[in-house]
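Asks: based on what follows, work out the 3D shape:
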Amino acid sequence: MSKTVKWLLIGVAALLVVLVIVTAMSGKDEGGTKVAVEKVTKRTITETVNASGKIYPEVEVKVSSDISGEITELTVLEGDSVVKGQVLARIFADIYSAQRDQASAQVAQSQAQVANSSAALAALKAQLDQDRNNYNRNKQLFDDKVISKAELEQFETKLRASQSQYDAALQGIRAGQAGVQGSRTQLQMANKNLNRATIVAPMNGIVSQLNVKKGERVVGTAQMAGTEMLRVANMGSLEVRVDVGENDVVKVHVGDSADVMVDAYNARKFRGVVTQIASSTNKTGGATATNDVTNYEVHIRLDPTSYADLLDPAHPRSFPFRPGMNASADIKTRRRTDVLAIPITSVAARVKGSDKNLDDKKKETKKEEEAGIDEAETAVSDELEEVVFVLTKDNKVEKRVVKTGIQDINYIELLSGLNVGEEVVSAPFNAISKSLKSGDKVKVVSKDKLFDKK
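Replies: The predicted model follows:
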């Protein structure tokens, strides 16, 4: 190897050493590690649970056909306003009209038969009374020994025959009356089936979905839901249905307020309130499982006053929200007012009684041949404590163990360990979580100058 090449390699190596030294010294100077600090102050902390979902009408009714046939009339369009009982569609129902006419004729026939039987019964009753009187009169004559027993038996036989005829006629009338009632029931069923051919609105609202056209055939029976023809929704009451993970759903309660963001109005926040929380872990009960994480469906009713300015009185059929729009919600689960708070980034996890961080402890436990990975992780988690680094008067930091409460996006509640006015290190997080130790000298700078090389 020539001397020129050797000197070139030596120069490159020297340059690398210089670069390493410069890199190692970045963030540090004669004054110590560059850090940003923030004072412990009293704040209002609002804990939130964020979830995403879609907008739906709070009440939406599916309208299906109970009979099969062709749609002969369709009186509404999607987006039309309807009132309860309004005719929406009619289905071809000649067969039901024929059944109604047949049932009506059967009722009339049964009533006529009962009327005829009643007239005959009156005649049989008169004959029965006459035969009973004749028998009683001749019974007296027999007792007086005026007539023979054979003659009395003739009157007795005639009385029994009249009684039998009368009883039979009476039973016939009762059967006829039952037949009339049966015919009337058939007529009611026929009328009901005929009425089912007319589809009416189940409530006041908007036709939110129209699935059929005039001339189409629909299928339906009285025992099960038929073809879904349309949906009527109350668009004046909307809700957002969001999926909340099992770790967060326990924090959410009915009545919690929420800020709702809709993708179509990304610059707006709408007010809402939690009205329902699914309690079942299956899809039919309102919970879904994705990648082994169970999500529970939470219903958030939108406050109409928060979007009243988006409604256009000149276009009553136009609504600012449409079913299925994507939305997200920040559910406000807990709120603490006038409590001590510091930036979330100021809090780090360290091993109890030492300056070792979580990574250091894991490396040590992995070296132990007796402990498995799961056991090591459990042991480490049991030995962790929350700490912050407090700025002292001599520009050094003091590690302080703290207890924390709820948190919002930027700040976390302090339950113990610090006092108002004390300054804690808030950045850089890499130093807070790993390299800073109690007694280290620091240089306080603004956050925008943390990584300046000067």
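
Asks: sketch out the low-pLDDT regions of the stretch 151-300 of the chain for me.
Replies: Low-confidence segments of the stretch 151-300 of the chain (pLDDT under 70): 176, 179, 222-223, 282-292.

Asks: for it, just list every one of the strands.
Replies: 198-200, 205-210, 217-218, 228-233, 238-245, 257-262, 265-277, 287-290, 293-302 (DSSP state E, counting those that start in this stretch).

Asks: elements contacting the helix or strand hosting D131?
Replies: Mapping D131 onto the secondary structure by DSSP states H and E places it in helix 94-143. Helix 94-143 sits against helix 149-196, with contacts defined as 3 or more C-beta pairs under 8 Å, 6 or more residues apart in numbering; DSSP states H and E. C-betas here are computed from N, CA, C, even on glycine.

Asks: how far away from the center of its chain is the helix it packs on?
Replies: Helix 149-196 sits 59 Å away from the centroid of its parent chain (C-alpha atoms, centre = their mean, to the nearest Å).

Asks: can you give me the angle that helix makes with helix 94-143?
Replies: In terms of direction (axes from the mean of the first three to the mean of the last three C-alpha atoms, to 10 degrees), helix 149-196 departs from helix 94-143 by 160 degrees.

Asks: follow-up on the earlier one: tell me which of the strands of the stretch 151-300 of the chain sits nearest to H315.
Replies: strand 205-210 (12.9 Å; C-beta to C-beta).

Asks: how long is stretch 64-81 end to end?
Replies: Stretch 64-81 stretches 18 Å from its first residue to its last (C-alpha to C-alpha, to the nearest Å).

Asks: need the contact partners of it.
Replies: Residues outside stretch 64-81 that contact it (C-beta atoms under 8 Å, 6 or more residues apart in numbering): 82, 86-93, 96, 193, 196-197, 199, 205-210, 212-222, 225-230, 316-317.

Asks: what does stretch 418-428 give?
Replies: Contacts of stretch 418-428 (C-beta under 8 Å, 6+ apart): 27, 34-42, 340, 342-343, 345-346, 388-391, 397, 400, 402, 431-432, 436, 442, 447, 450-451.

Asks: can you list the domain ranges for this protein.
Replies: 32-45+341-449, 60-92+198-232, 98-196 (automatic domain parsing).

Asks: indicate which one of the ones you listed is closest to R335.
Replies: Nearest of the domains of the chain (C-beta to C-beta): domain 32-45+341-449, 7.0 Å.

Asks: could you give the mean pLDDT of the closest one?
Replies: In this model, domain 32-45+341-449 has a mean pLDDT of 84.

Asks: starting at the chain centroid, how far to it?
Replies: Taking mean C-alpha positions (C-alpha atoms, centre = their mean), domain 32-45+341-449 and its chain are 40 Å apart.

Asks: what is the end-to-end distance of it?
Replies: So domain 32-45+341-449: terminal residues 14 Å apart, C-alpha to C-alpha.

Asks: so what's the closest residue to G405 other than its chain neighbours bridging to?
Replies: Among residues not flanking G405 along the chain, E413 sits closest, at 3.5 Å (C-beta to C-beta, 6 or more residues apart in numbering). Beta bridges link E413 to A341, judged by DSSP bridges.

Asks: who's in contact with E413?
Replies: Counting by C-beta under 8 Å, 6+ apart, E413 has contacts 45, 336, 339-341, 404-407.

Asks: can you tell me how far it is from K39?
Replies: Distance, E413 to K39, using C-beta to C-beta, to the nearest Å: 16 Å.
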